[in-house]
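> give me a model of this one.
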Amino acid sequence: MRFALEALLVDVPAEQVAEARAFYRSRVAGRGPASFEELKEARAKKPAPRATVPPAVEETVEAAGVRVPVRIFLPSGGPPRAVYLGIHGGGFYMGSAAQGDERHRELADALRIAVVGVDYRLAPEHPWPAAPDDCEAAALWLIEEAEARFGTSRLAIGGSSAGATLALATLLRLRDRGVVDRFTGAALRFGTWDLSAGTPGGRLIADEYFLQAYAGHVADRTLPDISPLYADLSGLPPALLVVGSEDVLLEDNLTLAGRLSAAGNDVELRVYPASPHGFTGHPTALAATALDGVNSWLRDRITS
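Now for the predicted structure:
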């Protein structure tokens with residue numbers, strides 16, 4: 001069998017690829033905080049998210065004995081057709097649900113869905129399993145309350161980077177509870193699938209502080225709730241995996257796509273050229289194209 005990465009690349013306009021390459025040539029590659037002191041400094045310097053119109057509705061929901069703050073967006077064009085549970089990235093130790101407000105406002109209006117952003121607890125103040133506990137609680141609340149609250153029981157989930165990791169961990173927990181069939185799809189952007197340094201991608205990030213902050217107290221970080229790549233992946237809803245060809249975690253995303261497919265799931269992998277980790281959050285036309293593709297994929301899952 002002949003296999004080449006180029007065969008997996010999404011076909012996007014050449015000018016978008018050229019623009020992206022120029023953007024990343026002029027952009028200094030960043031690195032996450034290397035200590036708790038650096039983390040506190042980075043948190044303090046992070047700009048406040050831009051306000052959206054109309055703004056999110058903030059409230060605290062509860063399920064399985066866990067209370068978690070959420071940010072809710074309702075579509076402006078009519079009653080929601082579904083509910084999307086969005087989980088933010090940030091290495092499990094930075095960020096907030098509010099950082100996704102612009103994306104979630106746009107998603108709610110574009111797809112006419114309700115969007116619920118989860119403000120899960122952050123490491124190292126709240127290491128694993130606090131974050132997946134919070135995400136699971138939000139998902140269980142939706143399973144219990146979506147019909148009464150939003151007029152629809154149709155659910156989808158997604159996230160980027162650490163948020164994608166938590167989204168998949170949440171689905172695994174829901175599957176083990178026997179309720180994962182309530183979710184019609186999972187849009188997973190450049191997830192961190194191995195936190196144990198056992199895979200090619202995992203070894204490349206093995207010295208990152210966020211791993212110590214989030215799961216440094218766990219003796220075996222191949223636990224599926226921490227590193228979903230090691231899970232039994234059967235019985236999950238359709239998944240879209242989005243990753244850039246220059247992402248340090250590309251190999252692990254390729255591996256996850258293969259494992260999801262081998263386990264009998266419906267999975268689609270989209271690899272975007274000239275794109276590093278986190279590329280859908282960058283101001284390029286290629287990023288906009290990728291997000292439009294995610295929207296279309298979710299729309300198909302919601303209306304089919």
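
> which residue, other than its chain neighbours, is closest to the residue sitting nearest the centre point of the chain?
With distances taken as CA atoms, centre = their mean, residue 159 lies nearest the centre of the chain, 1.7 Å away. In space, and not counting its chain neighbours, residue 159 is closest to residue 87: 3.5 Å by CB to CB, 6 or more residues apart in numbering. Bear in mind the C-beta positions are built from the backbone N, C-alpha and C, glycine included.

> what's the one you found in contact with, if anything?
When the contact criterion is CB atoms under 8 Å, 6 or more residues apart in numbering, the partners of residue 87 are 117, 118, 120, 135, 157, 158, 159, 163, 164, 166, 167, 170.

> what about it, distance to residue 117?
8 Å (CB to CB, to the nearest Å).

> go on, residue 50?
To residue 117, residue 50 is 15 Å away according to CB to CB.

> those two: which is more packed in?
For the pair residue 50 and residue 117, the greater number of neighbours falls to residue 117 (28 against 9), based on other CB atoms under 10 Å.

> give me the sheet partners of the helix or strand harbouring that one and which way each runs.
Using DSSP states H and E, residue 117 sits in strand 114-118. Taking DSSP bridges as the criterion, strand 114-118 forms sheet pairs with strand 66-73 (antiparallel), strand 83-87 (parallel).

> I figured residue 76 hits residue 109, correct?
Yes: taking contacts as CB atoms under 8 Å, residue 76 lies within contact range of residue 109: 5.4 Å.

> got the contact list for the residue nearest to residue 204 when sequence neighbours are not counted?
The shortest distance from residue 204 to any non-neighbouring residue, by CB to CB, 6+ apart, is to residue 248 (5.1 Å). Listed by CB under 8 Å, 6+ apart, the contact set of residue 248 reads 201, 204, 205, 276, 277.

> try 10 Å this time
Counting by CB atoms under 10 Å, 6 or more residues apart in numbering, residue 248 touches 190, 192, 200, 201, 204, 205, 276, 277.

> quick check: the farthest pair among those residues?
Of all pairs drawn from the contacts of residue 248, the one with the largest separation by CB to CB is 200 and 276; the distance is 16.2 Å.
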